[in-house]
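**Q** need a 3D model of the following:
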Amino acid sequence: MQTRQDKKTIILNKPVLNLKQKLMQWLRLSNVPIVKLYHGYGFNQKLFIQGHVFALSAMPRKKHRNKFLVNLFSLIRLFTVKPIANAHVQLHWKEMIIDTETDEDGFFKFEFTIQDHPLNGWHEIMANLLNANGKSISTGNGFIYIPHVTQFGFISDIDDTFLISHSSTILKRLQVLFTNNAHSRKPFEGVVEHYKLLAEGHTNTDEPNPFFMFRAVNGICMIIWLNLHA
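**A** Predicted structure coming up:
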């Protein structure tokens with residue numbers, strides 16, 4: 001019969017966090033270097049994708065709530081970033097390996113030509129952050145969209161074209177920023193159906209016209225493929 005003295009108790013010691021680590025955890029910030037890839041796109045044999053390398057960045061939100069202080073805090077966290085300049089980024093597309101460096105804002109982009117003709121749809125792609133010895137210290141995954149060959153293609157602005165932003169009125173614009181999040185911001189009435197009709201013009205639902213959303217962020221032109229049928 002096993003006695004209490006015979007039983008072994010295993011105690012798992014939690015790592016002791018210092019004040020800075022506790023503050024980072026509370027603010028949901030990470031000081032682990034990351035490679036952030038944005039959705040890219042391609043046509044024929046040319047592919048394009050861009051991203052950032054950060055030494056400090058905000059962790060993804062777990063919940064989206066329409067509360068002023070929560071949205072304000074989340075908005076501030078989005079700007080709490082520390083880019084890594086002149087970082088060595090290596091992109092992997094199937095058997096291809098392409099290298100580049102980030103600019104002073106930690107921004108990078110790849111525009112390259114491939115030999116084969118990839119199928120239409122989403123294609124996963126990977127980029128590594130390399131140290132001075134050429135060793136990968138962080139990996140980011142992204143996707144490139146290859147649209148169907150159709151008669152039309154559309155590029156649209158976002159603020160006050162698709163989403164209600166009140167760009168011309170500072171107070172109303174701040175109200176939208178502080179009281180809404182990505183899940184609660186409202187598009188203009190009828191605009192979603194209008195864009196769907198454009199996407200299906202002279203084609204069918206399974207092969208929609210490519211539709212991209214345009215936005216300038218800190219002087220960088222961001223073009224995001226919009227999935228109108230999601």
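
**Q** domain map for the protein?
**A** 25-146, 148-230 (automatic domain parsing).

**Q** redo these as CSV? Include mean neighbour count, mean pLDDT and distance to N18.
**A** The C-beta positions use only the backbone N, C-alpha and C, and glycine is treated the same way. Output for the domains of the chain, formatted as CSV (neighbours: other CB atoms under 10 Å; pLDDT from 0 to 100; distance: least, CB to CB, whole Å):
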stretch, mean neighbour count, mean pLDDT, distance to N18
domain 25-146, 15, 90, 11
domain 148-230, 13, 77, 32
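
**Q** export those domains to a markdown table and tack on distance to L19?
**A** Shown next, in a markdown table, are these (distance: least, CB to CB, whole Å):
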| stretch | distance to L19 |
| --- | --- |
| domain 25-146 | 11 |
| domain 148-230 | 29 |
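
**Q** how far does stretch 45-53 sit from the chain's center?
**A** 12 Å (CA atoms, centre = their mean, to the nearest Å).

**Q** for stretch 130-147, same thing?
**A** 14 Å.

**Q** equivalent analysis for stretch 67-80, please.
**A** That offset, for stretch 67-80, works out to 17 Å (CA atoms, centre = their mean).

**Q** got the contact list for that stretch?
**A** Under the criterion CB atoms under 8 Å, 6 or more residues apart in numbering, residues 27-29, 56-58, 61, 65, 177-181 lie in contact with stretch 67-80.

**Q** from those, which two are the most distant?
**A** The span of the contacts of stretch 67-80, defined through CB to CB, is set by L56 and T179 at 26.7 Å.

**Q** partners of the top strand by length along the chain in the sheet?
**A** As assigned by DSSP state E, the longest strand anywhere in the chain is strand 46-58. Strand 46-58 has the following sheet partners, assigned by DSSP bridges: strand 29-30 (antiparallel), strand 34-37 (antiparallel), strand 40-43 (antiparallel), strand 82-83 (antiparallel), strand 107-113 (antiparallel).

**Q** separation between the residue nearest to S57 when sequence neighbours are not counted and I34?
**A** Nearest residue to S57, sequence neighbours excluded (CB to CB, 6 or more residues apart in numbering): V81, at 5.2 Å. Going from V81 to I34 by CB to CB, to the nearest Å gives 10 Å.
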